[in-house]
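> Next come a sequence and a model predicted from it.
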Amino acid sequence: MKITVVGATGMVGTVVLKVLKEQNIPLTDLIPVASQKSIGKEVIFNNTPYKIVGMQDAINAKPDIAIFSAGGDTSLEWAPKFVEVGTTVIDNSSAWRMEPSKKLIVPEINAHLLTKTDKIIANPNCSTIQLVLALAPLHKEYEMKRVVISTYQSVSGTGLKAVQQLENEIAGVKGEMAYPYPIHKNALPHCDVFEENGYTKEELKLAREPQKILDDRTFSVSATAVRIPTAGGHSEAVNVEFRNDFELNKVRQLLHETPGITVQDNPDTNTYPMPVYANDKDDVFVGRIRRDMTQPNTLNLWIVSDNLRKGAATNAVQIVKYLIDNDLV
Ligand code: 2RA
């Protein structure tokens, strides 16, 4: 399997390479692509150096699969050119997610939809993936009506510049700003850019992507996305109203039985998910599972996951694995 990783030196691309190795994806060749200034440099994969090339050279190599983590504009311009040479593209940007002809995939939920004709496959937003993975089994059993979510997102979701801003502020060093304000000792209710309706693009992704992934538009999502000074891992406080009542033990059992979910939930022992312990793991961690006493059929949850792994790289590589295992590439 000849695979190209577009954005191979970025925060997600670096983790894609790590997960490709962990998941023993059968690579016959790796073609790393990065920005012009990185062309000619090398990335090390499986103890082997691979020279970074430009986009057109990667296309000319006709890879079987291209995993894009290089922003929406790059995906819109270059993904179709890879498809023209027969490559299947898995894209981490938002460029194709809501495009009706493109599938938005969380493998544990809807990989079965994939066919050989799907040549551009969209990876959902990181905060969406951890939310829908936890809610999917509950929605199937109890039918969601309305979800209210507040996110607490690490600076790694913004990228290297934001991680550097936090490190500089902690060290008391002046440097480039990724955010309009200091992030150290602060919380910014501002992830991505604001739209006319007063919501940010991050909040609108959380409002729109779950319906497509769960193939159900009978529920709604209201989101507030907040950036906090953690180095890695997104956390989410979720309030979900169902059309049917539930038993808490059954809720815990459904979550426990769901592949990719780890339940961490015992107030007696201060057991609950935290980003520092979710770091570099692939599972989505769920805790603080409790009934909302203020209205019927309503549940509160706390959901934590490594946004660079299951939130991006691992989900993309799991799609690659599904395609290979099912002879779809
Ligand atoms: C963020 N989900 O956390 C967005 C993009 N990775 O900033």
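That came in fine, so what should we check first?
> Whichever residue of the chain sits closest to the ligand: neighbour count?
Distances from the chain to the ligand, computed as CB to the nearest ligand atom, single out G157 as the nearest residue at 2.0 Å. Where you see a C-beta, it was placed from the backbone N, CA and C, and this is true even at glycine. Applying the criterion other CB atoms under 10 Å, we find 27 residues in the vicinity of G157.
> what ranges do the helices span in the stretch 201-329 of the chain?
Assignment of helices within the stretch 201-329 of the chain using DSSP state H, counting those that start in this stretch yields the ranges 201-214, 248-256, 275-278, 314-325.
> okay if I get these as JSON lines plus mean pLDDT, mean neighbour count and distance to the ligand?
What follows is the helices of the stretch 201-329 of the chain, written out as JSON lines (pLDDT from 0 to 100; neighbours: other CB atoms under 10 Å; distance: least, CB to the nearest ligand atom, whole Å):
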{"stretch": "helix 201-214", "mean pLDDT": "98", "mean neighbour count": "22", "distance to the ligand": "6"}
{"stretch": "helix 248-256", "mean pLDDT": "98", "mean neighbour count": "15", "distance to the ligand": "23"}
{"stretch": "helix 275-278", "mean pLDDT": "97", "mean neighbour count": "18", "distance to the ligand": "12"}
{"stretch": "helix 314-325", "mean pLDDT": "98", "mean neighbour count": "21", "distance to the ligand": "12"}
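> So for stretch 33-43, first residue to last residue, what's the gap.
According to CA to CA, to the nearest Å, stretch 33-43 extends 10 Å from its N-terminal end residue to its C-terminal end residue.
> where along the stretch 1-150 of the chain do the strands fall?
Listed from the start of the chain, the stretch 1-150 of the chain has strands (DSSP state E, counting those that start in this stretch) covering 2-6, 29-33, 42-45, 48-51, 65-68, 88-91, 103-104, 120-122, 144-153.
> can you pull the buried residues of the next helix or strand along the chain from the last one?
What that stands for is strand 144-153. Elements were assigned by DSSP states H and E; along the chain past strand 144-153, the next helix or strand is helix 160-171. Burial within helix 160-171, assessed by neighbour count using 16 or more other CB atoms under 10 Å, is assigned to 162-166, 168-169.
> want to try JSON lines for those residues, with distance to the ligand and pLDDT as columns?
Compiled in JSON lines, these are given as follows (distance: CB to the nearest ligand atom, whole Å; pLDDT from 0 to 100):
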{"residue": "A162", "distance to the ligand": "8", "pLDDT": "97"}
{"residue": "V163", "distance to the ligand": "12", "pLDDT": "97"}
{"residue": "Q164", "distance to the ligand": "15", "pLDDT": "97"}
{"residue": "Q165", "distance to the ligand": "13", "pLDDT": "98"}
{"residue": "L166", "distance to the ligand": "13", "pLDDT": "98"}
{"residue": "N168", "distance to the ligand": "19", "pLDDT": "98"}
{"residue": "E169", "distance to the ligand": "18", "pLDDT": "98"}
